[in-house]
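[1] Next one to model:
(2 chains, ligands or ions: 1)
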Amino acid sequence: MKLLTVNFLTCAVKTCKTSSESYPLHFRDAQLEQNPQTFNPLFIRNILSRLDWSALTTTANELGLTAMLPDHNPADDMMVDSEGATEEEKNRAKDNVISEEVLKKLHTFLVDTAVIEGKLVCGNCGFEYPIKEGVGNFLLPPHLV
Amino acid sequence: MDNDHIRGEEYEQTNVHNVYSKIATHFSSTRYKPWPVIDDFLRSLTTGSIGLDIGCGNGKYLAIRDDIYIVASDRHVTNLTSNEIDYFGVAKSLTRKYRSSELIEFATQHEPHSAIVADILSLPHPGAVFDFAISIAVIHHLSTRERRVDAVRAILNTLRPCGEDREGSGSAGQALFFVWALEQKNSRRGWDVDDEQDQMVPWVLKADKSGDGVGKTYHRYYHLYRRGELEEDIVAAGGEVVRSGYDRDNWWSVARRR
Ligand SMILES: [Zn+2]
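    Take a look at the predicted model:
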């Protein structure tokens, strides 16, 4: 399961959906693997606006990969608050292009890095979803459906 | 959960899921061409779009684009692994030999996408974030109207509402549904408007990897949709139909949140 996937997962239990504790799910006993994939800069650039950066940071910290992730979403540098920003800040944002180096680093974290074995745990109900051979199993036992 | 719901679930376990496990290899090899409506829907997406394939089977729609990102799910692990015949001509030998698992083969054949095992009525996805979703030939296996509407609602809830893109440019997320039609009098099955909508459909196993069970007939539950019914279910689920049509014995609709 690539790390990008975890940004789009939450607990399958209905009553957990409304709890902020259920997102992101937390890795336990995660076994990591690097699995190099084709780098597509435009793909990475465009998914940035769809990511929950704070959840991504949580994931990185839990896996001990904090150094692989910028401390804020590079896409934020492209936008400035039109009220609060100085003229200089606005110009910088306009000219700003996310460097290929930053995108490549993000690609390595989001797409190349995968959890092969381990668990994803809900912070609200504590249910553990197993990951085996890279595939997470989110089927619930009957009493949780 | 009410009793109807529990009964519906038990019924589907016996008459959909167990049967799927037995016929998965054969079934996947009988469905192999991306239909134009599905192909067009996926090709219209912008690079970097994020979406879901609910009931992905062996993942045949994942190969259409490698510059979008799909989290594909199926209830049946066997479906995910039954890629003996690859639909897009990727031979099995291309997968990495040192890994034995078929699940990994599924994943490596469908980069950059991801596969998980999940149930359509208990999806493990946050709401209101996805650009698109597809659910092809899945909700017709749910055995009560309540469960079919619940499934549509669950999928629509994953979609981004209009104007919620962080960069402000995003239009509303859209979902594509395909279901088997009652009106298919020219098909091999030959059903039409006057037939019973809830059918146990026989599938004959012709060949599988091991040769076991060849010639056996398995029956699977289908709810055959009559004209307009898919649209009614979408509206009942709080959705809005963007466009819809009929294609090769199936009704289809593109929907978004209202
Ligand atoms: Zn939970």
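[2] Tell me the spacing between residue B:63 and the ion.
    The gap separating residue B:63 from the ion is 33 Å, by C-beta to the ion, to the nearest Å. Just so you know, the C-beta spots here come from the backbone N, C-alpha and C atoms, and that holds for glycine as well.
[3] cool, residue A:135 as well?
    20 Å.
[4] Residue A:65 now?
    Going from residue A:65 to the ion by C-beta to the ion gives 24 Å.
[5] burial measure for that residue, as a count.
    If you count neighbours by other C-beta atoms under 10 Å in any protein chain shown, residue A:65 ends up with 15.
[6] Can you tell me the closest non-neighbouring residue to it?
    residue A:109 (6.7 Å; C-beta to C-beta, 6 or more residues apart in numbering or on different chains).
[7] Now the helix or strand where residue B:37 lies - C-alpha only, PDB.
    Per DSSP states H and E: residue B:37 is located in helix B:36-43. What follows is helix B:36-43, C-alpha atoms only, in PDB (Å, rounded to 0.1, in the frame of the first residue of the first chain):
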ATOM      1  CA  PRO B  36     -16.700   3.200 -24.700                       C
ATOM      2  CA  VAL B  37     -18.800   5.000 -22.000                       C
ATOM      3  CA  ILE B  38     -16.300   4.000 -19.300                       C
ATOM      4  CA  ASP B  39     -13.300   4.700 -21.500                       C
ATOM      5  CA  ASP B  40     -14.600   8.200 -22.300                       C
ATOM      6  CA  PHE B  41     -15.400   9.000 -18.700                       C
ATOM      7  CA  LEU B  42     -11.900   8.100 -17.500                       C
ATOM      8  CA  ARG B  43     -10.200   9.800 -20.400                       C
END
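[8] now for that helix, which elements pack on it?
    Counting contacts by 3 or more C-beta pairs under 8 Å, 6 or more residues apart in numbering or on different chains; DSSP states H and E, helix B:36-43 is packed against strand B:132-136, strand B:174-180, strand B:239-247.
[9] For that helix, buried residues please.
    Using 16 or more other C-beta atoms under 10 Å in any protein chain shown as the test for burial, helix B:36-43 gives B:37-38, B:41-42.
[10] contacting residues around that helix?
    With C-beta atoms under 8 Å, 6 or more residues apart in numbering or on different chains as the test, helix B:36-43 has contacts from B:61, B:64-65, B:68, B:132, B:134, B:136, B:174, B:176, B:178, B:245, B:247, B:252, B:254.
[11] Could you work out the most separated pair of the residues you listed?
    By the measure C-beta to C-beta, B:68 and B:245 form the most distant pair in the contacts of helix B:36-43, at 23.0 Å.
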